[in-house]
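Peer 1: Fold the following for me, if possible:
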Amino acid sequence: MPDAMYNPFMDTITGNVTEYDSSRGVFTMVTADGRRFEVGLTGDTAAELLRNLDEPYADASGHLAEMLAPGRHLIAYGVFYPEQGGFTFEAKRLVFLGRDVGDYNFEKSTWWINQINSLAHFYRRAQFGSGPIDYRDYRTIIRLGGDKTDSHVQETDTISRMVYGMASAYMLTGNEEYLEVAERGTQYLRDHMRFVDPDNDIVYWYHGIKVEGDREEKLFTSEFDDDYDAVPMYEQIYALAGPTQTFRITGDRRIRSDIDHTMRLFENHFRDHEGGGYYSHVDPIRLSPHADALGYNKSRKNWNSVGDHAPAYLINAFLATGEPVFAEMLERTFDTIVARFPDYDNSPFVNERFFADWSPDHGHSWQQNRAVVGHNLKIAWNLMRMHAYRPKDEYQKLASHIASIMPPVGSDRQRGGWYDVVERVLADRQRWYRFAWHDRKAWWQQEQAILAYLILFGSLGGEDLQRESRQAEAFYNTFFLDHDEGAVYFNVLANGMPYLLGTERLKGSHSMSMYHSAELCYLSAVYNNLLITKQPLTLWFKPRADADRTLRVAPDLLPSGRVRLDKVEIDGKPHEVFDSTAMTVELPGSPDDLTVKVQLVPAG
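Peer 2: From the prediction side, this is the model:
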C-alpha cells in the first residue's frame, strides 16, 4: 500500500462555529458536508471582517473571544500539520462574514451597488483613463492593474460585455458617466462591428477589428481554435448583450432594430425549424450550419447556441418591451432545454453538445464527455426566471433538481466555491468526478451559483437553498475581490488564493470584460433586496425623446405579486402616472431625454 501523504500544507475551511474553548485556544467548526474540524489559534492568527471593494481593512483580531460564538459562519485559512495519527489545523487568517451571528455583509442593501460602482470605475479608468471616452482607445487585453497591452484587436463581444456592465452600473447608481460609456460603446459597435445585409434583411456582427492607426481590418469569422473561420452563435448572441441592456435604459429605437434584425439572422440561418433548437455555427459564405467547411462544428448544437439567448439579451429585450415574440422564443428555448439537456440516468450533469438529431456529442474538441459546472447552475437560475413569468411544473422541477444534485458533485464542500470542468461520469472504483484540467475556480461560475441559489431561495424558500447561496456569496466576496488593484480576479486556486498565470492573470480578455461581474452585482442586488431581505431598490433610466412613452421598469422576471413599483421621479420631480403592479411608467412627451428614478419595494 502506498504511504499516506505526510507533509504540512496550507488550506481553507469554510463553515459554522459549533463551540469555542478559550482555555485551549481552539474552536470547532462544521463544513457544508457535515465534517467537523478543530481549529487552533496562535499568536499570529489574524482576523478581519469581510469587506467590499474600496472598503478599508477591518481588523477583528482583538475580538475573537466574542466573535467565535456558536452559529458563526466564517472562513479559516491555515496550516494542516500531519501528526498524532491525524491532522492539526492552525488558523493564520479568519474572515468573519458579518459583525454578529447571522449577519452577512453581502446582504446589506448597498453591498452589490457599491461593488458595481467600483467595477465600473476600474474599467472606465483602465480603458479611457480620466479623459474623453473614445473607443478607438479600447483594448481587449487589460492587465491585472488596469494597464493596456500592445494588442490592437478590438473584439465585438468584449466591448458588448463592458457596455452591459456600464449600463447595469448606471441602472443601480444613476452615474451619468457610466451611461455615456455604454451609449458610446453601443454606437461604436454599430459603426464598426455591425454588418447590415439589406437583401436578406438581417444584421450580423464581426468577430472584431484590428486597429492600426486610422486603419481598421474587419475580422468576420472567429479567431479562436474551437470556432476558427466560422461564425459561432455565441459571438452573435453576446454582441447583443450590452446594446440590449442599454436599450432597457434609453429605449433607443436603433438598438431595437438591431435586435430584431440579428434575431432574424438566428431564425433564418441558425434555427433548426424541424428538429428544434439552434445550431452552434454557420459558415461565412452561405451562412449554413451544414457546410463541410465547418468541420467538427458542422450540424452541431450546444448549450451556448440554445441556452445563452435568455441571459445575454432575450430576457432583457422582453423586460424592455413586453413583446410576445420575445416571450415565445424564451418559452421555446426553455422547453427545448428541459426536453433535451437532462441525462440523469447516466450523469448528474446535463449534456451540453449535440448532433443535429439531439443525440449527445461526447467527442467534440476539448469538451468530450465533460461538464461545465456553471452551465448546469445557469440552467437552474434561468429556469426560475422563466418560471416566474410563465409557470410550468417542469421548469421548477428541473431547477430544483439541479439545485439539490449539484453541491456534492460540483462544489467544494470544505473550502467553498464551485469548480470548473469535470468528467460527467465516474469510472470504475472512482468516488470523485475527475477534474478535466485543474481544481481552480472561475469567477463566472461562482456567479452562476450565487444567482441560481438566490433566486431559488427568494422564490421557494428553504434552509438548504439559503445556505448554498450564502456559501457561494461568502467564497466569492472573500477571495475574488482584488483589494489592491481593483475589480475581480479571473480564477482562484481551490483554497481561494488568486491564480495569476497566463491569460488568467488579466482583468480584460476574450473571456472577461465586466459582464459576469456586473451581472452578478445587478441581479444580486435585485434578488437580495426585493426577494430575500425585503428592502427597497432604486433603479435609474434615461429614455430618449423618441423612445416609447411606456417605460417598463421591472428589474427582472420575478415571482408574480412579490414586487411593486412604489415611487417615480422624472428629472427630480415626483411623477404619479405609473402602474404599480405592472411596473410601468407613462412618460410625458418631451423634446429632451428624461432622467427617471424609480423605487421598487417588496409586495409580499
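Peer 1: What residues sit buried inside the strand ranked longest in the chain?
Peer 2: For the chain, the longest strand by residue count, based on DSSP state E, is strand 9-21. Within strand 9-21, the residues scored as buried using 16 or more other Cβ atoms under 10 Å are 11-17, 20. (Glycine included, C-beta is placed from N, CA and C.)
Peer 1: Quick one: the helices in the stretch 1-150 of the chain, in order.
Peer 2: Under the criterion DSSP state H, counting those that start in this stretch, the stretch 1-150 of the chain carries helices at the ranges 64-67, 111-128.
Peer 1: ranking those helices by burial, who's on top?
Peer 2: Mean neighbour count (mean count of other Cβ atoms under 10 Å) peaks for helix 111-128 among the helices of the stretch 1-150 of the chain, with a mean of 22.
Peer 1: So which other helices or strands are in contact with whatever helix or strand comes next after it?
Peer 2: Counting by DSSP states H and E, the next helix or strand C-terminal to helix 111-128 is strand 153-155. Other helices and strands packing on strand 153-155, by 3 or more Cβ pairs under 8 Å, 6 or more residues apart in numbering; DSSP states H and E, are strand 208-212.
Peer 1: Adjacent strands (with direction) for the strand it packs on?
Peer 2: According to DSSP bridges, strand 208-212 forms sheet pairs with strand 153-155 (antiparallel), strand 215-219 (antiparallel).
Peer 1: Residues contacting the first one, please?
Peer 2: Counting contacts by Cβ atoms under 8 Å, 6 or more residues apart in numbering, the residues outside strand 153-155 that touch it are 135, 138-140, 192, 207-211, 219, 223, 510.
Peer 1: Quick check: mean pLDDT of that strand?
Peer 2: Average pLDDT, strand 153-155: 92.
Peer 1: C-terminal to that strand, what's the next element?
Peer 2: helix 156-173.
Peer 1: same deal with the longest one?
Peer 2: Beyond strand 215-219 on the C-terminal side, the first helix or strand identified by DSSP H and E is strand 231-232.
Peer 1: Rounded mean pLDDT for that next one, please.
Peer 2: Here the average pLDDT along strand 231-232 is 97.
Peer 1: again, but for stretch 539-557
Peer 2: Stretch 539-557 comes out at a mean pLDDT of 98.
Peer 1: related to what we said a few turns ago, okay, the strands paired with strand 208-212, which one's buried deepest?
Peer 2: Highest mean neighbour count of the strands paired with strand 208-212: strand 153-155, a mean of 23 (counted as mean count of other Cβ under 10 Å).
Peer 1: roughly how far is it from the heart of the chain?
Peer 2: The gap between where strand 153-155 is centred and where its chain is centred comes out at 22 Å by Cα atoms, centre = their mean, to the nearest Å.
Peer 1: swap in stretch 399-408?
Peer 2: The answer for stretch 399-408 is 18 Å, by Cα atoms, centre = their mean.
Peer 1: Residues in contact with it: which ones?
Peer 2: 32-33, 344, 348, 373, 376-377, 379-381, 383-384, 387, 413, 452-453, 456, 460, 464-465, 468.
Peer 1: Helices - which of those land there?
Peer 2: Among the contacts of stretch 399-408, DSSP state H puts 373, 376-377, 379-381, 383-384, 387, 452-453, 456, 460, 464-465, 468 in helices.
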